[in-house]
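In: mind looking at a prediction? Sequence and model below.
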Amino acid sequence: MIICDNEKITPDGCHGAPDFIIEINSPSTHGNDKAPKLYKYLFNGVREYWIVNPYEEQKISVCTMNKENNRIEIDMFNFDDKVKSKIFEGLEIDFAEFSSKWF
């Protein structure tokens, strides 16, 4: 996760929403990460949430909240794609470089 507001960070943890979260699913957490966490995170201030699913779908979901219409936008990528952050210019992960080693 990335937290840009230093005031949210205290000795006992983060108080408030991080700006950016990446989660790698496991078979046992896939359902919880895909829907309940997605809604909870984005409707409570997380600006960008990536869900990496190396098992069933082998996809990366990049999820953001469109504040104009209060709707969640999801862009899907494959493990051979370079995925760029929508909120952090220059932040990019080339999943092709790592997917064969990790998954």
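Out: Okay, I see it.

In: show me where pLDDT drops low in this structure?
Out: 31, 33, 99-103 (pLDDT under 70).

In: centroid residue for it?
Out: Trp50 (1.9 Å; Cα atoms, centre = their mean).

In: please identify the helix or strand for that one.
Out: Take DSSP states H and E as the rule and Trp50 turns out to sit in strand 48-53.

In: now what about that strand, what contacts it?
Out: 19-25, 30, 33-34, 37-38, 41-42, 59-64, 83, 85-88 (Cβ atoms under 8 Å, 6 or more residues apart in numbering). Heads up, the C-betas are built off the backbone N, CA and C, glycines and all.

In: buried subset of the residues you listed as a PyMOL selection?
Out: Listed next is the PyMOL selection for buried residues among the contacts of strand 48-53, using 16 or more other Cβ atoms under 10 Å:
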select buried, resi 19+20+21+22+23+25+33+34+37+38+41+42+59+60+61+62+63+64+83+85
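
In: which ones among the contacts of strand 48-53 map onto helices?
Out: Among these, the residues falling in helices (DSSP state H) are His30, Asp33, Lys34, Lys37, Leu38, Tyr41, Leu42.

In: quick check: beta-bridge partners of Asn53?
Out: For Asn53, the beta-bridge partners are Lys59 (DSSP bridges).

In: from now on call the first residue 171
Out: Got it, first residue is 171 now, which makes that one Asn223.

In: and it, how far is that from Asn248?
Out: Asn223 sits 11 Å away from Asn248, taking Cβ to Cβ, to the nearest Å as the criterion.

In: residues shared between the contacts of those two?
Out: Lys229, Ile230.

In: which of those two has more residues huddled nearby?
Out: Higher neighbour count among Asn223 and Asn248: Asn223, with 20 against 13, using other Cβ atoms under 10 Å.

In: the more buried one and Ile244, how far apart?
Out: Applying Cβ to Cβ to Asn223 and Ile244 gives a distance of 12 Å.

In: overlap in contacts of the two?
Out: What both Asn223 and Ile244 touch, as defined by Cβ under 8 Å, 6+ apart, is the set Ser231.

In: and the angle for the host helix or strand of Asp245 with strand 218-223?
Out: Using DSSP H and E, Asp245 sits within strand 241-248. Calculated by axes from the mean of the first three to the mean of the last three Cα atoms, to 10 degrees, strand 241-248 forms an angle of 40 degrees with strand 218-223.
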